[in-house]
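Asks: this one's structure only:
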């Protein structure tokens, strides 16, 4: 958000509002009451209505409706402002803020403090700046904060590549149901444009099908051990040194003769 905020009162005049927009290079200002609470927004579009309503002999288009001047001929912020005001709090996520802008067709959102007073403004440009985050910063947040928050997921087993905000996840997670959780959390990271899923679920608790550790079931032949041309038994090895049966999932063919056991 931008803070402190340029604000105007309901009685602020047309020319003064135009001068403020030009001085601070902004496109709209909140209109607040004496306590700083929002009453409306005056934008460039609201001001342009007054210009468009002027007589133009060379135009065939009818003039649009514009703010009606007061008894003394003045046009104030109270006459120009649009409402009701869509506001957010400092804890509102950039995603929620973007959705509010899209749903209500507004370009800026006042940010309110705990007392309901305007102390910041968020524009569409402010939200888009999150996509300027460096790739290394995005990757560090995913590795250190996102993956570490998912119980059972080891950041060491998940590969994270980030290029221009596009994230590619590879490696393994313990259970299939964790894949969409990881993906959704990564998509919520500021600056992420897209997430490509190349994850797989390791249902064997971290032991791959070629794990030859002595403590693994593959370290000893089972009653169903078979040759390379067979699928093998529930816990046995084929002659090619790989587990068969329940872990291999398919027969492995080879021209090499099977050794004599």
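Replies: Ah, there it is. Because the structure is a prediction, the values reported are computed rather than measured. Numbering: from 1, shown residues only.
Asks: so residue 186 sits against residue 149, correct?
Replies: No - if you go by C-beta atoms under 8 Å, residue 186 and residue 149 don't touch, sitting 11.1 Å apart. (Each C-beta comes from the backbone N, C-alpha and C, glycine too.)
Asks: more neighbours, these two?
Replies: Using other C-beta atoms under 10 Å as the criterion, residue 186 and residue 149 rank with residue 186 on top: 22 against 11.
Asks: identify the residues contacting the closest residue to the more buried one other than its chain neighbours.
Replies: Closest residue in space to residue 186, ignoring its immediate chain neighbours: residue 195 at 4.9 Å, by C-beta to C-beta, 6 or more residues apart in numbering. Taking C-beta atoms under 8 Å, 6 or more residues apart in numbering, we find residue 195 in contact with 167-169, 183, 186-187.
Asks: give me the buried subset of those.
Replies: Burial by neighbour count, 16 or more other C-beta atoms under 10 Å: within these this picks out 167, 169, 183, 186.
Asks: narrow these to those in helices?
Replies: Mapping the buried ones among the contacts of residue 195 onto helices (DSSP state H) picks out 183, 186.
Asks: any low-confidence regions in the stretch 151-261 of the chain?
Replies: For the stretch 151-261 of the chain, residues meeting the criterion pLDDT under 70 lie at 203-261.
Asks: how about a cut-off of 80?
Replies: Within the stretch 151-261 of the chain, the stretches with pLDDT under 80 are 202-261.
Asks: can you give the contact residues for stretch 149-163?
Replies: Contacts of stretch 149-163 (C-beta under 8 Å, 6+ apart): 135-136, 138-139, 142-144, 147-148, 167-175, 178, 181-182, 185, 199, 202, 206.
Asks: mind telling me what element the residue found closest to residue 167 once you drop the neighbours it is linked to in the chain is part of?
Replies: Leaving aside its sequence neighbours, residue 167 sits nearest to residue 195 (C-beta to C-beta, 6+ apart; 4.7 Å). Secondary structure assigned from DSSP states H and E places residue 195 in strand 194-201.
Asks: and for residue 122?
Replies: Take DSSP H and E as the rule and residue 122 turns out to sit in strand 118-123.
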